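Q: Structure for this input, please:
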Amino acid sequence: MLYRVEGIVIRSMDYGEGNKIITICTENAGKVGVLVRGAKKVKSRHAALTQLFTTAEYVFFRNVTGLGTLNSGEISSSHHVLRQDIVLAAYASYACELLDRVLQDEETGSFWYHQLKACLDALEEGKDPGITINLYEMKILQTAGYGPELLSCISCGRDLSEEDSNVAVSPRLGGVLCRSCKHMDPPALKISPKSLKLLRLFARLDLRRMGHVDVKEETKAELKAVMRAFMDMQLGLNLKSQSFLDQMEKYGL
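A: Model prediction:
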């Protein structure tokens, strides 16, 4: 059967002497694997279609299930800027690997597709990569069914003000704790009113509507720590791209 889909390359691997297998997150057909014959050859007309982060229309033959075989494709955005910058490439790779690990084969991927596309576009447009990724992580958590409770105490249900300086975040329990309920999770992370306000904004904001934001470094560090804790506790993924990002931070890149 012939398929024609809009998709983003989230994984690309060599196969045999001259071929590649790409995994694409599609707008309407979920996550699919496609064999691209001859993609490693110097004069291959399909080589560009196998590059990570590439957004294109892919036409491939495929049985009901299993691997497809590329027939043709037309690139709409190569995102070459992301591949040329080591820092942007690291963030974009993390976004792709995260989605690859969370999204199941054949799972309807329209929302996932649009959030990833918006994430890559934001990185390429020069928007703050840390904030962009934190917002993207929030969308991943919410869509996977692990979105944190940020408006009221996860234990007693009391509504919490954004100005409350005694709020803690419990990744283990999946939300915020008021001062009276902090004992429910002693390792819960203290969070500033500014960071809580931004987390609540992340929870209700679509990545496609993200503008340029100016966030202080200490607030970004706090947001990163909180989101990392949520990702580790709720999803528990061991991602190579995350390890590389950690190494970059360690060496000040």
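
Q: Could you find the residue nearest the spatial middle of the protein?
A: Ala95 (3.4 Å; C-alpha atoms, centre = their mean).

Q: so what's that one closest to, chain neighbours aside?
A: Nearest-residue entry for Ala95: Cys119, 4.9 Å, with adjacent residues in sequence omitted and distances by C-beta to C-beta, 6 or more residues apart in numbering. C-beta here means a position set from N, CA and C on the backbone, and glycine is covered the same way.

Q: What are the boundaries of the strands in this structure?
A: 2-15, 19-26, 31-36, 55-61, 68-77, 168-170, 175-177, 189-190 (DSSP state E).

Q: would JSON lines of these with mean pLDDT and mean neighbour count be doable?
A: JSON lines is the format used below for the strands of the chain (pLDDT from 0 to 100; neighbours: other C-beta atoms under 10 Å):
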{"stretch": "strand 2-15", "mean pLDDT": "94", "mean neighbour count": "18"}
{"stretch": "strand 19-26", "mean pLDDT": "95", "mean neighbour count": "23"}
{"stretch": "strand 31-36", "mean pLDDT": "93", "mean neighbour count": "22"}
{"stretch": "strand 55-61", "mean pLDDT": "95", "mean neighbour count": "20"}
{"stretch": "strand 68-77", "mean pLDDT": "95", "mean neighbour count": "16"}
{"stretch": "strand 168-170", "mean pLDDT": "96", "mean neighbour count": "23"}
{"stretch": "strand 175-177", "mean pLDDT": "97", "mean neighbour count": "24"}
{"stretch": "strand 189-190", "mean pLDDT": "94", "mean neighbour count": "16"}
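
Q: got CSV for the ones you listed, with distance to His183 too?
A: Output for the strands of the chain, formatted as CSV (distance: least, C-beta to C-beta, whole Å):
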stretch, distance to His183
strand 2-15, 42
strand 19-26, 42
strand 31-36, 42
strand 55-61, 48
strand 68-77, 50
strand 168-170, 10
strand 175-177, 9
strand 189-190, 14
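
Q: most distant residue from the middle of this structure?
A: Ser180 (34.2 Å).

Q: Let me see the domain layout of this structure.
A: 2-78, 87-250 (automatic domain parsing).
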